[in-house]
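Asks: with the input below, show me the fold.
(one chain, ligands or ions: 1)
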Amino acid sequence: MKKVVIITSSLRDNSNSNALAERFMEGAKESGNAVEIVSLKTNRIAPCLGCNYCQIHGCCVMKDKLNEILDKVIDSDVLVFASPTYFYSISGTLKNFIDRTYAKFTKIKNKDFYYIGSCSDDSKEAIDRCVNTVKGFLDCLDSVNLKGIVYGISLTDVFDAKYSNSYNEAYEMGKNI
Ligand SMILES: Cc1cc2nc3c(=O)[nH]c(=O)nc-3n(C[C@H](O)[C@H](O)[C@H](O)COP(=O)(O)O)c2cc1C
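Replies: Residues are numbered from 1 along each chain as shown. Model prediction:
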């Protein structure tokens, strides 16, 4: 049994990337893993201040849910990010979260990593561009390896994900972590 933490970052109701994340969770639970979705919609994370307080004190100066979420991430075996594509990059919400990991990023290690993306574009390249941004983060971590990408392409309106190939792909990827 692996501990899986999925960070979702779309702020809209009935979001495509959130639906794919839930489908990934269903697959991962089906094969006996312990899965938790942490929504950045319900756990709002402020942008990093760049104040370096965390580099001296080991935790962030801001008192939001960040420290609690980070502890879950550190404790996981599998980390998953889910994001819509905004101007061919990840959502600002997810980027804010990544920046805030500065408080404890050296403790995020030895994990498998998966990325779940949604976009209107019909090309996988749109999602790969987002993954490239995330790779900058992964490169700063110790032994956190990209194992899979869910390509939620051609998804524009809410609920589109449920009628796409990626819905099944998310389930199968979750099942095979
Ligand atoms: C601000 C904004 C920027 C977007 N930029 C892109 C883009 O660059 N490329 C693209 O294919 N889709 C783009 N989209 C469409 C979304 O990525 C798409 O609707 C996606 O399925 C939304 O995911 P969500 O339902 O999880 O929020 C954009 C949407 C918004 C609101």
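Asks: Ser89 contacts Asp128, doesn't it?
Replies: No: using CB atoms under 8 Å, Ser89 is not in contact with Asp128; the gap is 11.4 Å. (Each C-beta comes from the backbone N, C-alpha and C, glycine too.)
Asks: near the ligand, which residues of this protein?
Replies: Residues of the chain found near the ligand (CB under 6 Å from any ligand atom) are 10, 12, 15-18, 84-88, 118-121, 126, 155-156, 158.
Asks: and the residues you listed, which of them are in strands?
Replies: With DSSP state E as the criterion, strands contain Pro84, Thr85, Tyr86, Ser118 from among the residues of the chain next to the ligand.
Asks: got the contact list for the second one?
Replies: I take that to be Thr85. Thr85 sits next to Gly117, Ser118, Cys119, Ser120, Asp121, Ala126, Ile127, Arg129, Cys130 when contact means CB atoms under 8 Å, 6 or more residues apart in numbering.
Asks: relative to Gly50, which of these is nearest.
Replies: Cys130 (23.2 Å; CB to CB).
Asks: is it true that that closest one lies in a helix?
Replies: Yes: remark: Cys130 belongs to a helix, assigned using DSSP: H, G, I helix; E, B strand; the rest coil.
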